[in-house]
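**Q** give the three-dimensional model of this entry:
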Amino acid sequence: MTTEDKTTLNSLPYTALRDAAVVSIRDAILDGRLKPGQRVLEAEIAEELGISRAPVREAIRQLESEGLLVGRSHRGTYVTTLSPHDAREIFNLRAALEALAVMLVVQSGQSEILDQLEELLRRMQASVNADQMARVVQTDFEFHETLCRASGNQRLVNIWLSMSVQIRALVSVNDLRYFKPQEIVPRHSSLVAAMRASDAERAMRLLVTDILEAGEHIATSLAASQ
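**A** Reported below is the predicted structural model:
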């Protein structure tokens, strides 16, 4: 971070400093600069960002609540290491939530939502063609978040959002390589096609199969690396 960036941060109100620290630490975890099991030092982060330790301390607490950091008594704070069991639990719950979202969207007959999902798929395909996997991952998350929000069930959305950071952490570790790049968009397209046909049962089956397959691949990869 440049001196100019630090000066800009210091001019922000306290809550904005905390939020900036949250984003900075979260991004460092999700892009692999802070690795699972690595200790997170409050003083170092504050110095890097050019801010006081208080907003960094609050940022760390928030990220602990999100499950990205874990505090260990008398030992400090560390980046959470997710286990294969964690991955299977998270993706099983994700599959159940998103299957419900699919059913609710199909029942509502919101064709404009399907148009939005297809536009996201076009963007995803462009990123696949350019071999820009980071953008593929980001657009994939937009696709699934759009689907959940379209359900109209705010509690479903809240639960999905509460676990979305851990999902992102698991996916970023594996870089979405559990599917061949050329398979990613067709899998999503089949889901949207089933929803357009008002075939909620098929759409739910396709989505659950893909999510559970991804979760199992990630769990297997974690088991091999730990």
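
**Q** what residues sit buried inside stretch 106-125?
**A** Neighbour counts using 16 or more other Cβ atoms under 10 Å place 106, 110, 113-114, 116-117, 120-121, 123-125 of stretch 106-125 among the buried residues. Yep, even glycine has a C-beta here, placed from its N, CA and C like the rest.

**Q** just the ones in helices from those residues, please.
**A** Of the buried residues of stretch 106-125, the ones assigned to helices by DSSP state H are 106, 113-114, 116-117, 120-121, 123-125.

**Q** for residue 188, grab the count of nearby residues.
**A** Counted with other Cβ atoms under 10 Å, the neighbours of residue 188 add up to 24.

**Q** just the element for it, please.
**A** Assessed by DSSP states H and E, residue 188 sits inside helix 181-196.

**Q** I'd like the next helix or strand past that helix.
**A** Using DSSP H and E, the helix or strand that follows helix 181-196 in sequence is helix 200-225.

**Q** circling back: helices and strands around the helix holding residue 188, which ones?
**A** Packing partners of helix 181-196 (3 or more Cβ pairs under 8 Å, 6 or more residues apart in numbering; DSSP states H and E): helix 84-108, helix 111-129, helix 133-150, helix 200-225.

**Q** coming back round to it: where is pLDDT lowest across the buried residues of stretch 106-125?
**A** Within those, pLDDT reaches its minimum at residue 110, with 87.

**Q** domains for the chain, by residue range?
**A** With automatic domain parsing serving as the domain definition, the record reports that the chain contains domains spanning 3-79, 84-225.

**Q** deepest of these, which one?
**A** Mean neighbour count (mean count of other Cβ atoms under 10 Å) peaks for domain 84-225 among the domains of the chain, with a mean of 17.

**Q** how long is that domain end to end?
**A** In domain 84-225, first residue to last residue: 10 Å (Cα to Cα, to the nearest Å).

**Q** now do that domain: distance to the chain's middle.
**A** 10 Å (Cα atoms, centre = their mean, to the nearest Å).

**Q** same check, this time on stretch 46-65
**A** When distances are taken as Cα atoms, centre = their mean, stretch 46-65 is centred 21 Å away from the chain's centroid.

**Q** same check on stretch 210-226?
**A** Relative to its chain's centre, stretch 210-226 lies at 16 Å (Cα atoms, centre = their mean).

**Q** ok, residues contacting that stretch?
**A** 81-85, 87-88, 90-92, 94-95, 98, 170-171, 173-174, 178-179, 187, 191 (Cβ atoms under 8 Å, 6 or more residues apart in numbering).

**Q** what about that stretch, average pLDDT?
**A** 89.

**Q** nearest to residue 198, of the ones in helices among the buried residues of stretch 106-125?
**A** Residue 198 lies nearest to residue 106 out of these, by Cβ to Cβ, at 5.8 Å.

**Q** is it true that the closest one touches residue 202?
**A** No: counting by Cβ atoms under 8 Å, residue 106 stays clear of residue 202, with 10.0 Å between them.

**Q** quick one on the thing from earlier: from the buried residues of stretch 106-125, which single one is nearest residue 142?
**A** residue 120 (5.6 Å).
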